[in-house]
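>>> Take this sequence and fold it.
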Amino acid sequence: MNLVLVGAMGSGKSTVGRICATALRRRFADTDEWVEAAAGLRVAEIFAREGEAGFREREVAALRAVLAAGDQVVATGGGIVVRPENRAALRADGFVVLLWAEPEELWRRLASQAASRPRLQVGDPVAVLRDDLQRRGPLYREVADVTVAAASAEEAARAAMEALRRAEREGAASG
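Numbering: from 1, shown residues only. Just a heads-up that it's a prediction; the model follows:
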């Protein structure tokens with residue numbers, strides 16, 4: 001069973017994912033890294049050349065490929081839930097953990113990376129993050145098996161792994 005992490009940019013999906021992968025002795029995959037490797041371009045360059053729509057098309061292919069590998073820890077891009085086919089794939093092929101943090105906390109984590117985050121290169125990046133959470137929050141919750149506070153990466157990883165183990169035990173008991 002794939003352990004899949006969803007949430008807004010800055011919620012710690014990649015950091016938490018690497019911690020979980022190490023502890024669970026599973027491969028780690030990051031859909032943004034997969035897109036970059038396949039395109040030979042950074043995410044910011046893809047956005048500049050192809051717009052968000054082009055990036056989202058690439059993201060669909062990345063998610064399919066990553067989930068098909070199976071039994072790994074997957075960190076997704078913050079907007080992966082906007083496409084219905086991605087939400088269906090997440091529900092079908094993963095135990096999905098939503099990492100949740102408030103917009104101000106997300107900005108605190110992302111401020112030093114704003115130059116590499118095209119959507120945050122605006123006058124009020126906290127407003128962008130707040131809007132993302134309002135629009136995407138219901139979509140994250142639609143696919144999530146559990147929600148974890150994205151406090152410290154270690155605490156979030158521990159909670160995600162405990163939820164996965166519980167789900168695996170319950171699945172084994174009912175199967």
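>>> Assign L5 to helix, strand or coil.
Here L5 takes the strand state, with states given by DSSP: H, G, I helix; E, B strand; the rest coil.
>>> what number of residues lie near V126?
V126 has 17 neighbouring residues, counting by other C-beta atoms under 10 Å. All C-beta spots, glycine's among them, are computed from the backbone N, C-alpha and C.
>>> any idea which element it lies in?
helix 125-143 (DSSP states H and E).
>>> Just list what the following helix or strand past that helix packs against, helices and strands only.
Using DSSP H and E, the next helix or strand after helix 125-143 towards the C-terminus is strand 146-149. With contacts defined as 3 or more C-beta pairs under 8 Å, 6 or more residues apart in numbering; DSSP states H and E, the packing partners of strand 146-149 are strand 95-100, helix 153-174.
>>> what sits up against strand 146-149?
Taking C-beta atoms under 8 Å, 6 or more residues apart in numbering as the criterion, the residues outside strand 146-149 that touch it are V96, V97, L98, L99, W100, A101, R141, E155, A156, A159, A160, A163.
>>> Spatially nearest residue to E142, not counting backbone neighbours?
Nearest residue to E142 in three dimensions, chain neighbours excluded: R87, at 6.2 Å (C-beta to C-beta, 6 or more residues apart in numbering).
>>> again with D32
G77 (4.9 Å).
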